[in-house]
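In: here is a sequence together with a model predicted from it:
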Amino acid sequence: CYEGCRTWEQKIQDGIAEYWSALRLDVDLTSLGINDFKFEAFRIIGLLVEAVMQPALRELLFQARLGARKRAVEEEIERLDLGLVIDELARDFSYASFFAPAPWNVKINQWRNMAHHFSTRVQGDRIVGVYGKGRHKHELQVTRQELFAAVITIHAASRALKTARTIFIIDRMGKIGFQPNTLEVRNEVKLLHLESAFATQGFELVRFEMTPSAVDATVRDVTDQSRRTRMIDSSQFVYPIWLEFPSSMIRVTYWDTNGELLMISSARGPDCEEIADDKIPFSELANRVQFYLTAAGRATPC
């Protein structure tokens, strides 16, 4: 199981990197004419299925076969046509509705095929897609609003697949044994990891800057808990930030719910490195972090 996680990790990260490139170049679909809208909507669907979902689906099939005590060989699964991967998952492991979302009931690999083969056209106020081969060719006719809904649905499926895998990975990170510095991950992906981690604790990452000598992050509290307690909570973020973006200095600025600056916490890179190398316990970080309280921060009651 863990070997499968290691095998597909880089491919999955590469696909997410492609997604980030597309996101940077994204346009407002609602502002496009119907022909450009059709092109852009199918481009997004093709990217989501081929780049983001496809490697994760192959890994999912590997894990599903293991769970069913079936033959599971990474190389064999990697050579399978994506349609066969989806057919097996849908048939044997009760995921049919996930892979052919309603109300269209078209498998996501066929959505991908329509995008990649440019087998789509505009016909009046309808958008038509053709999928399948020979006698098994089918036409899908949708309105502009329905195609937009399909983009959202397939994007949600992609997110669900990635989120489920991420939870599994995080819970077993040590056992899986990813080798440090062997995976190439874009900074945008690392930043998303931090944003997600902070959000689970009630903080919004509102600013992030890197220079050759320091990393500066600003977080805003989005809870109604004690500001004094939340100030201390925010100071712990220096270490996860250093893990993703090693630097000589890490600074975390804490804003309260009103956006008022209360405290800046800073930690030295070498101190974080000693924790990562198990030379000092994590609890020692509290003694090494430096705190700067603004006038409003000093006036915050305990």
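Out: Great, that's in hand.

In: any weak-confidence spans in the stretch 101-250 of the chain?
Out: 179-186 (pLDDT under 70).

In: residues contacting S234?
Out: Counting by CB atoms under 8 Å, 6 or more residues apart in numbering, S234 touches F203, V219, D221, V252, Y254, M263, S265. For glycine as for every other residue, the C-beta is placed from the backbone atoms N, C-alpha and C.

In: one more time with 6 Å
Out: Listed by CB atoms under 6 Å, 6 or more residues apart in numbering, the contact partners of S234 are V219, V252, Y254.

In: how far off centre is stretch 29-37?
Out: The chain centre lies 27 Å from the centre of stretch 29-37; the measure is CA atoms, centre = their mean, to the nearest Å.

In: the stretch 51-200 of the chain: strands as residue ranges?
Out: Using DSSP state E, counting those that start in this stretch, the strands found in the stretch 51-200 of the chain span residues 120-123, 126-131, 138-142.

In: any idea how many residues pack against the closest residue to V142 other than its chain neighbours?
Out: The shortest distance from V142 to any non-neighbouring residue, by CB to CB, 6 or more residues apart in numbering, is to I127 (5.4 Å). Residues within reach of I127, counting by other CB atoms under 10 Å, total 23.

In: still on that earlier bit, considering the contacts of S234, which possesses the most neighbours?
Out: Busiest of the contacts of S234 [other CB under 10 Å] is Y254, holding 28 neighbours.

In: dihedrals phi and psi, the nearest residue to that one once chain neighbours are set aside?
Out: In space, Y254 comes closest to S234 once its chain neighbours are excluded; the distance is 4.2 Å by CB to CB, 6+ apart. Torsion angles at S234 (phi, psi; degrees, to the nearest 10) stand at phi -70, psi -30.

In: S234 and A156, how far apart?
Out: S234 sits 31 Å away from A156, taking CB to CB, to the nearest Å as the criterion.

In: and D224, by the same measure?
Out: Counting by CB to CB, the separation of D224 from A156 is 30 Å.

In: ok, back up a step: pretty sure the residue nearest to V142 contacts Q145?
Out: No: applying CB atoms under 6 Å as the test, I127 and Q145 come out as separate, 10.3 Å apart.

In: show me the contacts for D81.
Out: Contact criterion CB under 6 Å, 6+ apart gives no residues in contact with D81.

In: over to A90?
Out: A96, F99.

In: which residues does I250 contact?
Out: Applying CB under 6 Å, 6+ apart, we find I250 in contact with V215, V238, I241, W242, A267.

In: out of these, list just those in strands.
Out: Taking DSSP state E as the definition of strands, the contacts of I250 contribute V215, A267.

In: which one of the contacts of I250 is nearest K190?
Out: K190 has its nearest neighbour among the contacts of I250 in I241, at 9.5 Å by CB to CB.

In: please name the residues that touch that closest one.
Out: With contacts defined as CB under 6 Å, 6+ apart, the neighbours of I241 are V215, A217, I250.

In: so how far is E59 from it?
Out: Distance of I241 to E59, computed by CB to CB: 29 Å.

In: can you check the pLDDT for the nearest residue to L60 once chain neighbours are set aside?
Out: Excluding the flanking residues, the one nearest L60 by CB to CB, 6+ apart is L89, at 6.6 Å. Per-residue pLDDT puts L89 at 93.

In: same question for F39.
Out: pLDDT at F39 comes out at 94.

In: in space, what's closest to it - neighbours in sequence excluded?
Out: Ranked by CB to CB, 6+ apart and with sequence neighbours excluded, the top spatial neighbour of F39 is T120, at 7.9 Å.

In: what separates the one you found from A276, distance-wise?
Out: Distance, T120 to A276, using CB to CB: 50 Å.

In: show me which of these two is the more surrounded one.
Out: Applying other CB under 10 Å to T120 and A276 shows that T120 carries more neighbours, namely 19 against 15.
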